[in-house]
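K.L.:
Take this sequence and fold it.
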Amino acid sequence: MIPNPLVSASTSPPAPSPLPVPPPARSELPPPPSEPDTSSRSPHPRDVIALLRPGQWAKNVYSMALVGATASVWTVHAAWQLLWITVVFVIASGAVYIGNDVADRDNDRRHPVKRHRPLASGRVGMPTAIALLAVCLGVLTILLATSPPTRWWPVVAYLGLNIGYSAGLKHVPLVDAFIVAIGFQLRLAAGYLAVGENPSQWLLTAVLAVCLVLVLGKRRHELITDGRESRPALRGYTAQLIDQMLVICMVVTILSTLLYLWHDAPLGQFSTHAVLISAPFTLFGLFRYLQVLVVERGGADPVRILLRDRTLLICMAAFALAFLTALYAAHHSLPASTATSLT
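P.N.:
Just a heads-up that it's a prediction; the model follows:
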């Protein structure tokens, strides 16, 4: 008997259904971690103070100490004014750090180091950070109101520049480095305005160049250690490009420093001797930082290097001693043979 194909087809077991095909993976980045819940606990005072980055206050102290060392006239009033502007910039920079942490808190949670910051880790909540920012801006307004408006512009320019930095300029290659370096020029200009003097153009150039060395060194370390994805601006850098820029900035630092000592420093007849004595320390200090950056693979925190590297500390102390000796000799009208014997 010939089987009916229709009956056979109807009685055969059904074919197994195909397995579901998973959708193609999306290329977007994973969503940022959720905002930590800090409503049930109060932040530790240490974490609140950490929002102001006390470890970075040395930037303001270094800048104003440079103004004090290079001012042509030193009085008690000038010392108080310099202390006042130092406090102003400590508060202004603290407000900038808080604003930057608020704007970057989601990205900081993905970073292996920055995720430990008080706001990104959740140890401090957003209401506390905003309140501290408001307090800083209020105190800053009161302090500036006690001084003539002609002294405000470096502080206002510093705040405006950093608002643009936090709003997106920090993601633009080269612009990010120059904004940080110009911030030190503004500190120096504010210090000179506080003591009633005009800053030296050669000194401002030297400060810009050496700060670019430090900032670019930090970018180089981030690029080598964490890769381009750790900071959007790093996509516009390579290690070779940064190395070339470091060489240019170091040359400008040396030339502008020596030209300042020769032409603008209040050293009188001892300016030539100051150039001869200070040149080796200037070169050695730059070379030592380059050694830390390239050989020892440091540079993550330039402030920490300047404060803790013994070789650099000794070099900076020797430079300061040579400069202050020439300054003392010039102000006390010592004979030029005294400086000659030093060289």
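
K.L.:
was I right about Trp152 contacting Leu144?
P.N.:
Yes. In this structure, Trp152 is within contact of Leu144 by Cβ atoms under 8 Å, at 5.4 Å. For the C-beta atoms, the positions are set from N, CA and C on the backbone; glycine is no exception.

K.L.:
Look at Phe270 and report its pLDDT.
P.N.:
The score at Phe270 is 88. That number is its pLDDT.

K.L.:
surely it meets Tyr328?
P.N.:
No. Counting by Cβ under 8 Å, Phe270 stays clear of Tyr328, with 9.4 Å between them.

K.L.:
More neighbours: those two, which one.
P.N.:
Ranked by neighbour count (other Cβ atoms under 10 Å), Phe270 and Tyr328 place Phe270 first, with 25 against 11.

K.L.:
All the helices of the stretch 101-250 of the chain, residue numbers only.
P.N.:
Under the criterion DSSP state H, counting those that start in this stretch, the stretch 101-250 of the chain contains helices at 105-108, 118-121, 126-145, 153-167, 175-195, 201-226, 239-259.

K.L.:
Redo those as a markdown table? Include mean pLDDT and mean neighbour count.
P.N.:
A markdown table is the format used below for these (pLDDT from 0 to 100; neighbours: other Cβ atoms under 10 Å):
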| stretch | mean pLDDT | mean neighbour count |
| --- | --- | --- |
| helix 105-108 | 85 | 17 |
| helix 118-121 | 90 | 21 |
| helix 126-145 | 94 | 15 |
| helix 153-167 | 94 | 17 |
| helix 175-195 | 94 | 21 |
| helix 201-226 | 94 | 20 |
| helix 239-259 | 96 | 17 |
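
K.L.:
Which of those sits closest to Pro43?
P.N.:
Smallest distance to Pro43 across the helices of the stretch 101-250 of the chain (Cβ to Cβ): 5.4 Å, for helix 126-145.

K.L.:
same for that closest one, what does it pack against?
P.N.:
Helices and strands touching helix 126-145, by 3 or more Cβ pairs under 8 Å, 6 or more residues apart in numbering; DSSP states H and E, are helix 76-103.

K.L.:
buried ones in the helix it packs on?
P.N.:
By neighbour count on 16 or more other Cβ atoms under 10 Å, the buried set for helix 76-103 is 78, 81-82, 85-86, 88-101, 103.

K.L.:
Just want the angle from it to helix 126-145.
P.N.:
Per axes from the mean of the first three to the mean of the last three Cα atoms, to 10 degrees, the angle that helix 76-103 makes with helix 126-145 is 150 degrees.

K.L.:
helices or strands up against helix 76-103?
P.N.:
helix 58-70, helix 118-121, helix 126-145, helix 153-167, helix 175-195.

K.L.:
To Arg304, which of those lies closest?
P.N.:
Nearest to Arg304, of all the helices and strands packed on helix 76-103, is helix 58-70, at 9.3 Å by Cβ to Cβ.

K.L.:
contact partners of the closest one?
P.N.:
For helix 58-70, contacts defined as Cβ atoms under 8 Å, 6 or more residues apart in numbering pick out 74, 78-79, 82-83, 85-86, 89-90, 93, 184, 187-188, 191-192, 194-195, 200, 203, 207, 265-266, 303, 306-307, 320, 323-324, 327.

K.L.:
Can you give me the buried ones in it?
P.N.:
59-60, 62-64, 66-68, 70.

K.L.:
which among those residues gets closest to Pro118?
P.N.:
Proximity to Pro118 was ranked across the buried residues of helix 58-70 by Cβ to Cβ; first place goes to Lys59, at 19.9 Å.

K.L.:
Tell me the pLDDT of the closest one.
P.N.:
89.

K.L.:
Relative to Pro302, how far out is it?
P.N.:
9 Å (Cβ to Cβ, to the nearest Å).

K.L.:
is it possible to export the helices and strands packed on helix 76-103 to a markdown table including distance to Val215?
P.N.:
A markdown table is the format used below for the helices and strands packed on helix 76-103 (distance: least, Cβ to Cβ, whole Å):
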| stretch | distance to Val215 |
| --- | --- |
| helix 58-70 | 12 |
| helix 118-121 | 22 |
| helix 126-145 | 24 |
| helix 153-167 | 12 |
| helix 175-195 | 4 |
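
K.L.:
So for Arg46, which of those sits nearest?
P.N.:
Minimum separation from Arg46 across these (Cβ to Cβ) falls at helix 118-121, 8.8 Å.

K.L.:
what's in contact with the closest one?
P.N.:
Under Cβ under 8 Å, 6+ apart, the answer for helix 118-121 is 36, 43, 47-48, 50-51, 101-102, 104-105, 108-109, 111, 114-115, 124, 126, 129.
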